[in-house]
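Novice: Quick one, what's the 3D model for this:
(one chain, ligands or ions: 2)
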Amino acid sequence: MESSSKLAVVIMAAGKGTRLKSRRPKVLHEIGGKPLLSHVIAAASQLVAPGDIFAVIGHQAERVRAVVAATGIQFVEQTEQRGTGHAIQCCAAAIAGYDNILVLSGDVPLIRPETIEQLWQFHQGEEAAMTILTAAPEDPTGYGRILRQSPLSAEVQAIVEQKALTPEQLDIAEINSGIYAFKTAPLLKHLGDLTDDNAQHELYLTDMAALLRASGELVVAVQATEAEEVLGANTIADLVALDATLREATASRLMAAGVTIFRPETCVIDAEVEVAPDTVIEPFVQLRGNTRIGTDCLIRSYSVIENCTLGNSVLLRQSCVLTDSTVADGAKIGPFAHLRPGSEIGEDVHVGNFVETKKSKLHKGVKAGHLTYLGDTEIGEGTNIGAGVITCNYDGVHKHKTSIGKGVFVGSDSTLVAPVTVEDGAYIGAGSCITRSVPGEALSVARARQTTIEGWVAARHARQEAEK
Ligand code: UD1
Ligand code: CA
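Specialist: Ligands and ions are numbered 1, 2, ... in the order given. So this is what the prediction gives:
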């Protein structure tokens, strides 16, 4: 940010969010997989250093602080929430050393740094005491309205809250975004003049417009080009709409970069997800958190991938659930596979239907095609795991490891009671319950021998006839 004068950002985030009817503080509600406040901090961080960002917290302050503490911003406590004007009054000491402040709302999360920059430039150009970022959304209902000096003038007379609008003022299309720039000196000088003589009996920051103007200060407005980015989240319906806007933008960003997303409106893609070009995403896929997907992958419908890294040319068949795991190039997963945290799926591995893995490393070319549980297990290159194989990793108290070497063949329906090791090249007969280690190149069979009684059925019939 080009300026010699000192600038701080204040984010108002102390409110309860009564209209959300939620036990969770408003600014911790999420859109695009991230709390509202985190979105606003991210935008502010592109303008000033984290140390010059102050969040006003109050309702469930400790919970809010804990969620965003790692960003390095500072906090101001507003123990009693007496309105947006009161929130800024609580910041008086914190902001005294800055020439100007930008005020952002913790519940206006889609604001882009470019737009805040535009507000800041305008504020400096006009040398105003207060500059209001405004917009003209399709439906202005619920927002404070801007009373301009005259339609073409940048000068503002006042901001009128929805509840105080006169019938004629109801038609005003220009709304207050809740985002402002202030010169600190006049703000601090008149901040104490706010009164709670209004419908909510609160101290409104919006009243500063008329107060500053009455004392001969310049108050101006600048309109954002995209009304969508300054919409607030006061109700669950608002939140869901903002979430949709954000996800639409994420899908558009990925498509512009060469990713095919069929029916993007059915996909849930978090804001920070990265996907390389030429990957195809089918309808109803969810990509969440810190997920990275390589090039030439096919992600078929109904899969949910959270905090995973997928390499290139991965085929994810329908209805897989992948969490905190990695999948290397060329792997084929699913349908109906479940990769639980700590799964490392190697190159060209095949994990088939109804296979569950957890904290397990499958090296290159391993095949586990059907109905299997692999937990706390390492499996060497090229090993084949038959249908229905189960690692018994839990003894009721502790978890134990299973180690399977390279080129091993584990017959179907075998159980491997951990801790146990199967060395390179060994074979395990189908239906075995393996409780002791198997040496390399050996065959282990651990099941009852089959007994066959020839002619048993006819003999039984004869006995039954005789008893009649
Ligand atoms: C506010 C504006 C309105 C504007 C709208 C834009 C006022 C009086 N009205 O209304 O003109 O159109 O934003 O979204 O400012 N907060 C505190 N402490 C408090 C009260 C609120 O920190 O005591 C925080 C809230 O957590 C929230 C923000 O300030 O993040 C805005 O408060 P909110 O009650 O949502 O104001 P609106 O009614 O939306
Ligand atoms: Ca609001």
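Novice: check contacts around the residue of the chain found nearest ligand 2.
Specialist: Residue of the chain nearest ligand 2, by C-beta to the ion: Gly232 (3.8 Å). No exception for glycine: its C-beta is placed from N, CA and C like everyone else's. Residues in contact with Gly232, defined by C-beta atoms under 8 Å, 6 or more residues apart in numbering, are 105, 107-108, 143, 178, 238.
Novice: Just those: which are in helices?
Specialist: Asp238 (DSSP state H).
Novice: got the contact list for stretch 83-97?
Specialist: 6, 8, 10, 12, 14, 54, 56, 58, 74, 76-78, 80-81, 101, 103, 178, 184, 187-188, 191-192, 194, 196, 200, 202-208.
Novice: Repeat the analysis, applying 6 Å as the threshold.
Specialist: The contact list for stretch 83-97, computed with C-beta atoms under 6 Å, 6 or more residues apart in numbering, reads 8, 10, 12, 14, 54, 56, 76, 78, 101, 184, 188, 191, 194, 202-205.
Novice: Close to ligand 1 as well: tell me which of those qualify.
Specialist: When contact is defined as C-beta under 6 Å from any ligand atom, the contacts of stretch 83-97 meet ligand 1 at 12, 14, 56, 78, 204-205.
Novice: for the nearest residue to Pro25 once chain neighbours are set aside, phi and psi?
Specialist: Nearest non-adjacent residue to Pro25, counting by C-beta to C-beta, 6 or more residues apart in numbering: Gln60, 4.5 Å away. Here is the backbone geometry of Gln60 (degrees, to the nearest 10): phi 50, psi 50.
Novice: for the strand or helix carrying Ala241, packing partners?
Specialist: For Ala241, the element it lies in under DSSP states H and E is helix 236-256. For helix 236-256, the elements it packs on are strand 30-31, strand 268-269, judged by 3 or more C-beta pairs under 6 Å, 6 or more residues apart in numbering; DSSP states H and E.
Novice: Buried ones in it, by neighbour count?
Specialist: 238-239, 242-243, 245-247, 249-251, 254 (16 or more other C-beta atoms under 10 Å).
Novice: Over to stretch 406-423?
Specialist: In stretch 406-423, counting by 16+ other C-beta under 10 Å, buried: 406-418, 420-423.
Novice: what's the neighbour count on the residue nearest to Pro25?
Specialist: Neighbour count of Gln60, defined by other C-beta atoms under 10 Å: 17.
Novice: again with Asp196
Specialist: Neighbour number of Asp196 under other C-beta under 10 Å is 14.
Novice: ditto for Thr452
Specialist: Thr452 - counted by other C-beta under 10 Å - has 5 other residues nearby.
Novice: so who does the residue in the stretch 351-468 of the chain that ligand 1 sits nearest to touch?
Specialist: Scanning the stretch 351-468 of the chain for the residue nearest ligand 1 gives Lys358, at 40.4 Å (criterion: C-beta to the nearest ligand atom). Lys358 is in contact with 340, 375, counting by C-beta under 6 Å, 6+ apart.
Novice: when you give positions from now on, start the count at 184
Specialist: Right, with 184 as the first residue, what we last looked at is Lys541.
Novice: any idea how far Lys547 is from it?
Specialist: Per C-beta to C-beta, to the nearest Å, Lys541 is found 20 Å from Lys547.
Novice: same question, Gly614
Specialist: Gly614 is 28 Å from Lys547, by C-beta to C-beta.
Novice: that older thread, for the residue of the stretch 534-651 of the chain closest to ligand 1, give the beta-bridge partners.
Specialist: In this entry, Lys541 is beta-bridged to Gly558, by DSSP bridges.
Novice: Contact residues of the stretch 334-483 of the chain facing ligand 2?
Specialist: Selection of the stretch 334-483 of the chain residues close to ligand 2 by C-beta under 5 Å from the ion yields 415, 417.
Novice: Do a quick rundown of the helices in the stretch 334-483 of the chain.
Specialist: 367-373, 391-397, 419-439 (DSSP state H, counting those that start in this stretch).
Novice: near ligand 1, anything from the longest one?
Specialist: It refers to helix 419-439. No. If you take C-beta under 6 Å from any ligand atom as the test, helix 419-439 misses ligand 1, and the best it gets is 9.6 Å.
Novice: Next, the residues that contact that helix from outside, please.
Specialist: Residues contacting helix 419-439 (C-beta under 6 Å, 6+ apart): 212, 214-215, 411, 416, 444, 447, 452, 454, 458.
Novice: just to revisit the earlier point, can you put the helices of the stretch 334-483 of the chain in TSV and add mean pLDDT and distance to Glu650?
Specialist: Listed next are the helices of the stretch 334-483 of the chain as TSV, based on pLDDT from 0 to 100; distance: least, C-beta to C-beta, whole Å:
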stretch	mean pLDDT	distance to Glu650
helix 367-373	98	104
helix 391-397	98	102
helix 419-439	97	72
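Novice: Throw the ones you listed into CSV and include distance to Ile636, thanks.
Specialist: What follows is those, written out as CSV (distance: least, C-beta to C-beta, whole Å):
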stretch, distance to Ile636
helix 367-373, 97
helix 391-397, 96
helix 419-439, 65
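Novice: which stretch among those comes nearest Lys204?
Specialist: helix 419-439 (7.6 Å; C-beta to C-beta).
Novice: Extract the CA atoms of that closest one and return them as PDB.
Specialist: Output of helix 419-439 as PDB, limited to C-alpha atoms (Å, rounded to 0.1, in the frame of the first residue of the first chain):
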ATOM      1  CA  ILE A 419     -28.400 -18.400   7.500                       C
ATOM      2  CA  ALA A 420     -30.000 -17.700   4.100                       C
ATOM      3  CA  ASP A 421     -27.500 -14.800   3.600                       C
ATOM      4  CA  LEU A 422     -24.700 -17.100   4.600                       C
ATOM      5  CA  VAL A 423     -25.700 -19.900   2.200                       C
ATOM      6  CA  ALA A 424     -26.000 -17.300  -0.700                       C
ATOM      7  CA  LEU A 425     -22.500 -16.000   0.000                       C
ATOM      8  CA  ASP A 426     -21.200 -19.500   0.200                       C
ATOM      9  CA  ALA A 427     -22.700 -20.200  -3.300                       C
ATOM     10  CA  THR A 428     -21.200 -17.000  -4.700                       C
ATOM     11  CA  LEU A 429     -17.800 -17.900  -3.400                       C
ATOM     12  CA  ARG A 430     -17.900 -21.500  -4.600                       C
ATOM     13  CA  GLU A 431     -19.100 -20.300  -8.000                       C
ATOM     14  CA  ALA A 432     -16.100 -18.100  -8.200                       C
ATOM     15  CA  THR A 433     -13.800 -20.900  -7.100                       C
ATOM     16  CA  ALA A 434     -15.200 -23.200  -9.800                       C
ATOM     17  CA  SER A 435     -14.800 -20.400 -12.400                       C
ATOM     18  CA  ARG A 436     -11.200 -19.900 -11.400                       C
ATOM     19  CA  LEU A 437     -10.500 -23.600 -11.800                       C
ATOM     20  CA  MET A 438     -12.300 -23.800 -15.100                       C
ATOM     21  CA  ALA A 439     -10.500 -20.800 -16.400                       C
END
